[in-house]
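**Q** requesting a structural model of the entry that follows:
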Amino acid sequence: DFELQTDGNRSGHFQNGELGLTPTNEEVIRIIAAQLAEIGDQFDKEIQGRVVNDLVQHFLNEKLSKEEITLHMSRVVRELTRSIPSDMEQEKAMLVLAMVLTKKIVNTVPSLLRRVFNTTLNYMNQQLHDYIVEMVSAVKQ
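**A** Presented below is the predicted three-dimensional model:
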């Protein structure tokens, strides 16, 4: 029933003179993603290349287990969070930093995509699951 626009968003239809859009999970996720992307753009400039290169070396080390890499990523995110303005929720900063680091690592070494993605997903599930659920619930209301 919806038209897909070239930017990936769905257009609404006019019903009785009003734009008829009902918030779906997909739309909620788009709203959250846009907010996080904006913050991520700011953080992207702050992350030094040596931090990314250090993480790349950990991901390239085949001897390290998934748990060891996830722990290292968690430490790096916590360290970077200390430099974030205190007016931002710590969990939001951690979430965005994890995603920005993932992007930077994959841009540096594309062959690490699967390993980095799985590690980031594991990290987010372990450390930020409740925060993500709360964030989605807040946007739905």
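**Q** and the helices in this protein?
**A** Here the chain has its helices, by DSSP state H, at 25-46, 49-60, 66-81, 90-108, 113-127, 129-140.
**Q** give me the angle between the first one and helix 129-140.
**A** With axes from the mean of the first three to the mean of the last three CA atoms, to 10 degrees as the criterion, the two stretches helix 25-46 and helix 129-140 enclose an angle of 120 degrees.
**Q** ok and helix 25-46 relative to helix 66-81, angle-wise?
**A** Using the same axes, to 10 degrees: helix 25-46 against helix 66-81 is 70 degrees.
**Q** show me what counts as buried in helix 25-46.
**A** Residues 28, 32, 36, 39-40, 43 are the ones in helix 25-46 that count as buried (16 or more other CB atoms under 10 Å). C-beta coordinates here come from the backbone N, C-alpha and C atoms, glycine included.
**Q** list the helices and strands that helix packs on?
**A** Contact partners of helix 25-46 among helices and strands, from 3 or more CB pairs under 8 Å, 6 or more residues apart in numbering; DSSP states H and E: helix 90-108, helix 129-140.
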